[in-house]
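In: 3D model of this:
(one chain, ligands or ions: 1)
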Amino acid sequence: MARQNFVNELFDEAASDYDWVSGMMSLGSDQFYRRDALRRAGLQRGMQLLDVASGTGLMIKAAIELGVEPAQVTGVDPSRGMLAQNRERNPVKLLEGRGEALPCADSTFDFVCMGYALRHVEDLRKLFGEFHRVLRPGGRVLILEITRPTSPVALHMMRFYMKKLLPGISWWRRRNRSTAKLMQYYWATIAECVPPSVIISALEASGFKNVQRTTTGAVLSEYVAQR
Ligand SMILES: C[S@@+](CC[C@H](N)C(=O)[O-])C[C@H]1O[C@@H](n2cnc3c(N)ncnc32)[C@H](O)[C@@H]1O
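Out: Below is the predicted model:
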């Protein structure tokens, strides 16, 4: 809980800058990628969608752009600051909560997504057990995550960009100490992130079928699975 409180405080304080950070980290490609990943994972109009770690609502925005009805979307996040930004953007049901203890009924959703938040969760089995519980039989899960690059050159470049350059630019542009702190924490969580094989095994052990990982560039991983 101490770690969770620390993470909540970080996101509460940096919430108003989060969309800017997301754009800077992806060199402006983040919304196209979210939309494309949701579409490729099979999200369709008419589905009941749960967005876990919903943050400022960028995954939900992408889902609505794909034709999903706002009335069929629920978002969950533990940071009140992030949820406040989300509420301004998306006319959907938003709940305060953690992925490891979802405030949702069993077998409610056709699709569960989680963008860039796996590294904030301590217990993957608990998290994936919750995804399994709230999904209907046949329902799908999509997890987007940044993976530590395997090439030493790519790792070095990413470390420089995220640990030195971006916090510097963000301080110069935004003058928000919390945003610079959030970026440094980002780097720490990426550098020490759980390896893809552990994520795949935890999904399978939680009862998911057809678990697949695809990668884009050296650092973006998508995990798709079916209940
Ligand atoms: C990097 S942001 C991602 C937001 C959004 N999914 C996106 O694609 O932009 C990470 C989010 O995870 C949330 N978070 C942190 N710990 C969490 C947990 N245990 N369960 C669910 N969400 C959590 C944070 O509050 C934050 O909003």
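In: ranges for the strands of this protein?
Out: Ranges of strands in the chain, per DSSP state E, are 49-52, 73-77, 93-96, 109-115, 135-146, 209-216, 220-226.
In: Distance to the ligand and mean neighbour count added to these, as JSON lines?
Out: For the C-beta atoms, the positions are set from N, CA and C on the backbone; glycine is no exception. Shown next, in JSON lines, are the strands of the chain (distance: least, C-beta to the nearest ligand atom, whole Å; neighbours: other C-beta atoms under 10 Å):
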{"stretch": "strand 49-52", "distance to the ligand": "6", "mean neighbour count": "28"}
{"stretch": "strand 73-77", "distance to the ligand": "5", "mean neighbour count": "25"}
{"stretch": "strand 93-96", "distance to the ligand": "10", "mean neighbour count": "16"}
{"stretch": "strand 109-115", "distance to the ligand": "3", "mean neighbour count": "25"}
{"stretch": "strand 135-146", "distance to the ligand": "7", "mean neighbour count": "20"}
{"stretch": "strand 209-216", "distance to the ligand": "15", "mean neighbour count": "13"}
{"stretch": "strand 220-226", "distance to the ligand": "12", "mean neighbour count": "20"}
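In: quick one, which of those is nearest to A41?
Out: Taking C-beta to C-beta, strand 135-146 is the member of the strands of the chain nearest to A41, at 4.0 Å.
In: That closest one - which strands sit beside it in the sheet, and in what orientation?
Out: Sheet partners assigned to strand 135-146 using DSSP bridges are listed as strand 109-115 (parallel), strand 220-226 (antiparallel).
In: how about JSON lines for the ones you listed, with mean pLDDT added?
Out: JSON lines is the format used below for the strands paired with strand 135-146 (pLDDT from 0 to 100):
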{"stretch": "strand 109-115", "mean pLDDT": "98"}
{"stretch": "strand 220-226", "mean pLDDT": "96"}
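In: returning to that earlier point: and K181, which of the strands of the chain is closest to it?
Out: Closest approach to K181 among those (C-beta to C-beta): strand 135-146, 17.9 Å.
In: Which residues does the closest one contact?
Out: With contacts defined as C-beta atoms under 8 Å, 6 or more residues apart in numbering, strand 135-146 is touched by 33-34, 37-38, 41-43, 107-116, 118-119, 128, 131, 190, 193, 199, 203, 208, 219-227.
In: still on that earlier bit, reformat the strands of the chain as JSON lines; add distance to G23.
Out: Compiled in JSON lines, the strands of the chain are given as follows (distance: least, C-beta to C-beta, whole Å):
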{"stretch": "strand 49-52", "distance to G23": "19"}
{"stretch": "strand 73-77", "distance to G23": "19"}
{"stretch": "strand 93-96", "distance to G23": "22"}
{"stretch": "strand 109-115", "distance to G23": "14"}
{"stretch": "strand 135-146", "distance to G23": "15"}
{"stretch": "strand 209-216", "distance to G23": "17"}
{"stretch": "strand 220-226", "distance to G23": "15"}
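In: What residues does this protein have near the ligand?
Out: Applying C-beta under 6 Å from any ligand atom, we find that the chain lies next to the ligand at 4, 7, 11, 22, 52-55, 58-59, 77-79, 82, 98-100, 115-117, 120-121.
In: Among those, name the ones in helices.
Out: Under the assignment DSSP state H, those contribute Q4, V7, F11, S22, L58, M59, M82 to helices.
In: about what we covered before: list buried members of the residues of the chain next to the ligand by neighbour count.
Out: Buried members of these, counted by 16 or more other C-beta atoms under 10 Å: 7, 11, 22, 52-55, 58-59, 77-79, 82, 98-100, 115-117, 120-121.
In: Quick check: which ranges of the protein have low pLDDT?
Out: Nowhere does the chain drop to pLDDT under 70.
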